[in-house]
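J.: generate coordinates for the sequence data below:
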Amino acid sequence: MDLRGILHAAAHINRDQIAAGPKVRQAASRTANFFIAAVRTFLLVGLSFVILYPILYMLSVSFREPAELYDLTVVWIPRTLTLKNFHYVFFESGIAFLPKILGGFEAGALLRSFMLSLICTVLQVFTCSLAGYGFARFRFVGRGALFAVALFTLIVPPQSINMPLYVNYVGFTKFTSEILGGEGIQIINTLTPMALPALLGTGIRAGLFVYLFRQFYRNMPSELEEAAYLDGCGPISAYFRIMLVNAGPILLISFLFSFVWYWNDYLNVSLFFNKSRPMSIELSNFWNYLNHQKLPDGSAISRSLMGVYVQVAALLFIAPVLLLYIALQRFFIRSIVTAGIVG
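T.: Got it, this is the predicted structure:
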């Protein structure tokens, strides 16, 4: 083969390699994308199983007969579905309702927790919103120092102030008893120890909400307030008619987080409530409660049945938060996106 033939063959080979180059790169890219997607799917499925396994187990145990707990052929789906476990926990144990002597029912631990969390959350969100608006829009002496103090409350251990609060509440009751006579004004075992800090902007993680509202209001255009001032609104009227109305995203975020934190709180309620206690305390003592209870036929509750009742109570405890998130999930994700919390 002469030199011309060799050059022609080499050129033909180069053209084939150049033509095949994009196909090779596309195949390598598809392989890499498939590998990344497989790893991502494996991680998501694994994490989802770790998170959802306790909930699935509680659901499976709560709807089955106690005799099926030791049946090796029953793994996830019970042979017979029953609501007897829910009926006992919900109506007879006092977790959700307490039966009255003359018939009917009164509020139990579950309803008390819901009312406590809802009232404290509404008070805290409103107060923190008002404080955040003041820090964002008004200039006054000591604004930076006060805002630093609000943020400082995030790193102060709540254990360091709860006992002084308890002493003050008890002291106030004794003080009013000496003046008014009788038992005085009771604060412990009422909503006041939880609602009063929420109303004053010092509730559970209130400093975080003050910061979020301040950043949100700072990002809102000041022209909205200026137009309201031209129409005759004052600062308070502008806040309620303009700023608060347009703060829906951050209000929803703060409401959900605050409600969950109040719902799960154990430290404060265990200190301020020693009777008519919320759900978080009753759930921790539920096993001991069942140890001293009898079934309707007078027999003691077996340990397997106690385990079922504990699972039902735990499921009832997390159900309101799960239902709240499921109902507001779409608005919550949209609020996270539209809030745009920046420095």
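J.: quick one, helices of the stretch 101-250 of the chain?
T.: All helices of the stretch 101-250 of the chain, identified by DSSP state H, counting those that start in this stretch, fall at 109-137, 143-152, 159-180, 192-199, 206-219, 223-230, 235-238, 248-264.
J.: of these, which is nearest T31?
T.: Of all the helices of the stretch 101-250 of the chain, it is helix 248-264 that lies closest to T31, at 40.9 Å by C-beta to C-beta. To be clear about C-beta, it is placed using only N, CA and C from the backbone, and glycine gets the same treatment.
J.: what residue ranges in the chain score low on pLDDT?
T.: Along the chain, the model assigns pLDDT under 70 to residues 1-25, 94, 96-107, 295-299, 333-343.
J.: domain assignment for it?
T.: 3-51, 106-161+187-339 (automatic domain parsing).
J.: out of those, deepest packed?
T.: domain 106-161+187-339 (a mean of 17; mean count of other C-beta atoms under 10 Å).
J.: so what's the gap between that domain and the chain middle?
T.: 9 Å (C-alpha atoms, centre = their mean, to the nearest Å).
J.: ok, now which ones touch Y229?
T.: Contact partners of Y229, counting by C-beta atoms under 8 Å, 6 or more residues apart in numbering, are A238.
J.: and it, how far from V39?
T.: Distance, Y229 to V39, using C-beta to C-beta, to the nearest Å: 56 Å.
J.: coming back round to it: between the helices of the stretch 101-250 of the chain, which gets nearest to W287?
T.: Comparing the helices of the stretch 101-250 of the chain by C-beta to C-beta, helix 109-137 comes nearest, at 14.6 Å.
J.: report the inter-axis angle for the closest one versus helix 192-199.
T.: Angle between the axes of helix 109-137 and helix 192-199 is 30 degrees (criterion: axes from the mean of the first three to the mean of the last three C-alpha atoms, to 10 degrees).
J.: between helix 109-137 and helix 143-152, how many degrees?
T.: Using the same axes, to 10 degrees: helix 109-137 against helix 143-152 is 160 degrees.
J.: tell me which other helices or strands helix 109-137 touches.
T.: helix 143-152, helix 192-199, helix 206-219, helix 248-264, helix 279-284, helix 303-339 (3 or more C-beta pairs under 8 Å, 6 or more residues apart in numbering; DSSP states H and E).
J.: R137: which of these is closest?
T.: Going by C-beta to C-beta, the one of the helices and strands packed on helix 109-137 nearest R137 is helix 206-219, 6.4 Å.
J.: packing partners for that closest one?
T.: Right, helix 206-219 is packed against helix 109-137, helix 143-152, helix 248-264 by 3+ C-beta pairs under 8 Å, 6+ apart.
J.: hmm, who's touching that helix?
T.: With C-beta under 8 Å, 6+ apart, helix 206-219 has contacts from 124-125, 127-129, 131-133, 135-137, 147, 150-154, 197-198, 201, 243, 247, 249-250, 253-254, 257-258, 339-343.
J.: could you export it as PDB, CA atoms only?
T.: Output in PDB follows, covering the C-alpha atoms of helix 206-219 (Å, rounded to 0.1, in the frame of the first residue of the first chain):
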ATOM      1  CA  ALA A 206     -39.900  32.900  70.500                       C
ATOM      2  CA  GLY A 207     -36.600  34.600  69.600                       C
ATOM      3  CA  LEU A 208     -36.500  32.600  66.300                       C
ATOM      4  CA  PHE A 209     -39.900  33.800  65.300                       C
ATOM      5  CA  VAL A 210     -39.000  37.400  66.100                       C
ATOM      6  CA  TYR A 211     -36.000  37.100  63.800                       C
ATOM      7  CA  LEU A 212     -38.000  35.500  61.000                       C
ATOM      8  CA  PHE A 213     -40.700  38.200  61.100                       C
ATOM      9  CA  ARG A 214     -38.100  40.900  61.200                       C
ATOM     10  CA  GLN A 215     -36.400  39.600  58.200                       C
ATOM     11  CA  PHE A 216     -39.700  39.100  56.300                       C
ATOM     12  CA  TYR A 217     -40.900  42.600  57.000                       C
ATOM     13  CA  ARG A 218     -37.600  44.100  56.100                       C
ATOM     14  CA  ASN A 219     -37.900  42.600  52.600                       C
END
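J.: any idea how far E282 lies from Y133?
T.: 38 Å.
J.: meant to ask about Y217, not that
T.: For Y217, the distance to Y133 - C-beta to C-beta - is 5 Å.
J.: joint contacts of these two?
T.: M243.
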